[in-house]
Every structure is written in structure tokens, then in C-alpha cells.
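Enquirer: below is the structure, and that's it, no one-letter string:
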């Protein structure tokens, strides 16, 4: 066993470089949430490779006119969320209100 193994870049994507740091550009894709009357979110997710270990995705919603799209339905018990223990999922919501 090596105490200080050499670092190997196993990424199949060619990374961009900004000031020597590797940056991977992720693209948004529209994802409908909520069945037939779904609202659409812009999801950012690592898509081109499979990962082992921790990962996350970001959903962006709005700004939309509630009268046009119906708004976002939030359960009354929010933020209590049922989590499947084997998935170890931690939801985080950040509401951004701008005039």
C-alpha cells in the first residue's frame, strides 16, 4: 500500500482550466416535476459519467407568473420530508425573493 499515491485524473471529459483549477461546465435540462400538471425546473446534474460516492443536483425554479403556470405545490408539513435511509438524501431549499 502506498502512503502517498500519485493523483490520477480519471475524468473522461476534457476539463476547462481557470487559474490552474479544473472546471467542468454542466448544462441545464428541463425536467417536469409533479405529474400531469407538472411545473418545470431547470436541473443541473452530472450526466456524462457514473460516480461513486457523494453527488448532488441543483433544481432552479422561476421566476414564473403563478397565474400562468399554477405555482409550486408544497405539502403542509414542509420541510418535514420522508427520506429513504438507504439513499441518504438531504434536501435543501433556498427561496430567493426578488422584486
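Expert: Nice, I can see it. Computed from a predicted model, the values in this text were never measured in an experiment.
Enquirer: residue ranges with poor pLDDT in this protein?
Expert: For the chain, applying pLDDT under 70 flags the ranges 1, 8-21, 23, 34-38, 46-55, 64, 66, 69-99.
Enquirer: at 50 instead, please
Expert: Within the chain, the ranges that satisfy pLDDT under 50 run 77-85, 99.
Enquirer: count of neighbours near residue 30?
Expert: 8 (other Cβ atoms under 10 Å). C-beta here means a position set from N, CA and C on the backbone, and glycine is covered the same way.
Enquirer: I misspoke; the intended subject was residue 43.
Expert: Counted with other Cβ under 10 Å, the neighbours of residue 43 add up to 17.
Enquirer: list the contacts for it?
Expert: With contact set as Cβ atoms under 8 Å, 6 or more residues apart in numbering, residue 43 has these partners: 28, 29, 30, 31, 57, 58, 59, 60.
Enquirer: so what's it bridging to?
Expert: Beta-bridge pairing of residue 43 under DSSP bridges involves residue 29, residue 59.
Enquirer: buried stuff in stretch 22-41?
Expert: 39, 41 (16 or more other Cβ atoms under 10 Å).
Enquirer: how long is it end to end?
Expert: Chord length of stretch 22-41, first to last residue, is 27 Å (Cα to Cα, to the nearest Å).
Enquirer: now do stretch 43-59
Expert: Counting by Cα to Cα, the terminal residues of stretch 43-59 are separated by 4 Å.
Enquirer: try stretch 7-25
Expert: By Cα to Cα, the extent of stretch 7-25 from end to end equals 22 Å.
Enquirer: which secondary structure state is assigned to residue 68?
Expert: Recorded secondary structure, residue 68: helix (DSSP: H, G, I helix; E, B strand; the rest coil).
Enquirer: for residue 68, see how far away the residue nearest to residue 60 when sequence neighbours are not counted is.
Expert: Leaving out its chain neighbours, the residue that sits closest to residue 60 by Cβ to Cβ, 6 or more residues apart in numbering is residue 42, at 4.5 Å. Counting by Cβ to Cβ, to the nearest Å, the gap from residue 42 to residue 68 is 17 Å.
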